[in-house]
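Asker: here are the coordinates; sequence isn't available:
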């Protein structure tokens, strides 16, 4: 069975990163899943409530903290949409090969 390289690459990158919590890992895994569902196109376009539900994150503050942490650490690039009817953009820094 072939590995899902972007997920494997993420786990390699975080192996020595003490800042990463289980919430960060869950959020990143859901973003990868959405990326896959959207045809492996960057950016991932999503509403926060969609991502939070899939990642089992119930507190908006936790979601935003993890998203901003992943952004600051360089695992993603997050562009928030300030309009309720527009999805935010999340660019994944993934290696596919």
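Answerer: Ah, there it is. All values derive from a computational prediction rather than experimental measurement.
Asker: Output the below-cut-off pLDDT ranges for this protein.
Answerer: 1-4, 94-97 (pLDDT under 70).
Asker: residue boundaries of the helices in it?
Answerer: Here the chain has its helices, by DSSP state H, at 5-14, 22-37, 48-55, 60-73.
Asker: which one of the ones you listed lies closest to residue 82?
Answerer: helix 48-55 (12.0 Å; C-beta to C-beta). C-beta: built from backbone N, CA, C; applies to glycine.
Asker: Okay, angle between the closest one and helix 60-73 too, please.
Answerer: Going by axes from the mean of the first three to the mean of the last three C-alpha atoms, to 10 degrees, helix 48-55 is angled at 90 degrees with respect to helix 60-73.
Asker: nearest to residue 88, of the helices of the chain?
Answerer: Checking the helices of the chain against residue 88 by C-beta to C-beta gives helix 48-55 as the closest, at 6.8 Å.
Asker: Remind me what that closest one packs against, helices and strands.
Answerer: On a contact count with 3 or more C-beta pairs under 8 Å, 6 or more residues apart in numbering; DSSP states H and E, helix 48-55 meets helix 22-37, helix 60-73.
Asker: among the ones you listed, which is the most enclosed?
Answerer: Of all these, helix 22-37 carries the top mean neighbour count, a mean of 18, counting by mean count of other C-beta atoms under 10 Å.
Asker: For that helix, which outside residues touch it?
Answerer: 4, 6-7, 10, 14, 41-42, 44, 46, 50-51, 54-57, 62-63, 66-67, 69-70, 75-76, 90, 92, 94 (C-beta atoms under 8 Å, 6 or more residues apart in numbering).
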